[in-house]
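K.L.:
Just the structure for this:
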Amino acid sequence: MAERQIGQLSFTDGLVNEAARANAPLQRMAELVDWPAVEALLGGLRSGSMGAPGYPSLALFKALLLQQWYGLSDPGLEEALLDRLSFRRFLGLSLSEPVPDHSTLWRFREQLAKSGLAERAFDLITAQIEKSGFVLKRGTLIDASLVRSAVNPPEPPDGPVPPDADGRPASKLVKSPHDPDATWTRKENKYFFGYKMHVGMDQDSRIIRRLDFTPASVNDTVVADALICGDEAIVYADKAYDSHARRARLKEMGIRDGIMRRNGRWHRLGTWAVRRNAVLRHRRAPVEPLFALIKRVYGFARARYRGLLRNATAFQLAAAAINLQRWARMAPQTT
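P.N.:
I've put the predicted structure just below:
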């Protein structure tokens with residue numbers, strides 16, 4: 001598909017840009033990020049020879065970031081792009097150019113999900129932030145949080161269903177026909193149906209350096225090693241991540257072990273281990289506000305879509321938006 005050319009400003013655009021008040025956060029992000037590198041990564045998404053010229057991938061990707069920052073639906077984003085000069089300026093659209101409609105935005109997000117480029121874009125942006133020196137790498141906080149499915153939990157089918165090895169009742173084994181990727185898990189003696197988001201966050205900058213999104217039944221420790229960056233001084237985590245293999249791996253990598261200890265099957269923790277856990281609990285606590293931010297501000301109190309792939313893409317976009325916003329707000333200005 002041919003790609004339309006955007007950003008050819010008219011005399012009127014120049015007058016309006018001079019008179020209008022700039023959106024400082026968006027302007028700062030436009031200056032900080034190496035957008036041509038992001039454009040090169042995403043360029044193939046709009047390739048093809050049939051149909052009307054499509055919008056540049058970079059403009060659509062920026063639109064999805066705006067959607068994350070301002071909590072907009074696809075139709076709401078379309079309306080905001082029509083109405084807000086700062087949004088047009090961020091995308092590179094002139095006043096005379098049409099904006100992408102909500103169906104175009106949806107299709108582009110679907111392309112991101114199927115191609116896996118949302119995660120690669122997150123990695124690229126995070127690498128730029130790290131290269132700037134904003135990430136100090138003194139420690140990584142790893143943790144996970146549950147996300148309810150967009151659909152209601154399924155009811156057990158007709159007829160008996162045997163419990164699983166853990167003794168879970170039949171209804172907890174059933175998958176939803178409306179969201180077959182969502183699964184059950186148990187936390188604090190309560191059953192939960194949905195997904196789980198996993199992060200590895202830098203201790204000082206609060207930048208998300210690693211992430212994953214899985215069905216709720218995936219144990220925290222399964223993806224833990226992928227959340228360790230390898231260049232941090234110490235890794236902080238709660239008891240769910242404690243294992244002899246992980247301690248040995250951290251030692252081999254030259255990374256200090258900040259994982260809380262849990263009681264063994266045959267022995268209780270000693271006084272020193274209990275005190276150590278209390279200290280580490282305080283050190284790893286800053287990761288909790290991140291999950292509160294993702295859920296309350298970025299709309300992940302409940303999964304946005306049906307299916308693992310779509311929700312994972314939304315999570316990757318949200319994480320990229322959070323990192324960019326924090327970088328733009330906290331990074332020192334250069335003169």
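K.L.:
Show me which residues of stretch 259-275 are buried.
P.N.:
By neighbour count with 16 or more other Cβ atoms under 10 Å, stretch 259-275 contains the buried residues 259, 260, 261, 269. (C-beta placed from N, C-alpha, C; glycine too.)
K.L.:
Same list (those) but as JSON lines, adding secondary structure, distance to residue 296 and pLDDT.
P.N.:
As requested, the buried residues of stretch 259-275 are arranged in JSON lines below (DSSP: H, G, I helix; E, B strand; the rest coil; distance: Cβ to Cβ, whole Å; pLDDT from 0 to 100):
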{"residue": "259", "secondary structure": "strand", "distance to residue 296": "28", "pLDDT": "97"}
{"residue": "260", "secondary structure": "coil", "distance to residue 296": "26", "pLDDT": "95"}
{"residue": "261", "secondary structure": "coil", "distance to residue 296": "31", "pLDDT": "94"}
{"residue": "269", "secondary structure": "coil", "distance to residue 296": "34", "pLDDT": "88"}
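K.L.:
ok, the residues you listed vs residue 291, which is closest?
P.N.:
Checking those against residue 291 with Cβ to Cβ, the nearest one is residue 260 at 17.6 Å.
K.L.:
Could you check how far the closest one is from residue 278?
P.N.:
Note on residue 260: its distance to residue 278, by Cβ to Cβ, to the nearest Å, is 9 Å.
K.L.:
now swap in residue 78 and tell me
P.N.:
Counting by Cβ to Cβ, the gap from residue 78 to residue 278 is 51 Å.
K.L.:
quick one: common contacting residues for residue 260 and residue 278?
P.N.:
Counting by Cβ atoms under 8 Å, 6 or more residues apart in numbering, no residue touches both residue 260 and residue 278.
K.L.:
returning to that earlier point: counting neighbours, go ahead and name the busier of residue 78 and residue 278.
P.N.:
residue 78 (19 against 10; other Cβ atoms under 10 Å).
K.L.:
how about whichever strand or helix holds the more buried one: buried residues?
P.N.:
Here residue 78, judged by DSSP states H and E, is contained in helix 74-83. The neighbour-count check on helix 74-83 (16+ other Cβ under 10 Å) flags 74, 77, 78, 80, 81 as buried.
K.L.:
still on that earlier bit, I'd like the buried residues of stretch 259-275 laid out as TSV, including distance to residue 118.
P.N.:
As requested, these are exported to TSV (distance: Cβ to Cβ, whole Å):
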residue	distance to residue 118
259	30
260	32
261	36
269	41
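K.L.:
about what we covered before: for the helix holding residue 78, packing partners?
P.N.:
helix 57-70, helix 85-91, helix 102-115 (3 or more Cβ pairs under 8 Å, 6 or more residues apart in numbering; DSSP states H and E).
K.L.:
Distance from it to the middle of the chain?
P.N.:
22 Å (Cα atoms, centre = their mean, to the nearest Å).
K.L.:
Just the angle for it relative to helix 102-115, thanks.
P.N.:
120 degrees (axes from the mean of the first three to the mean of the last three Cα atoms, to 10 degrees).
K.L.:
average pLDDT for helix 74-83?
P.N.:
What helix 74-83 shows for mean pLDDT is 94.
K.L.:
for stretch 305-317, same thing?
P.N.:
Per-residue scores along stretch 305-317 average to 97.
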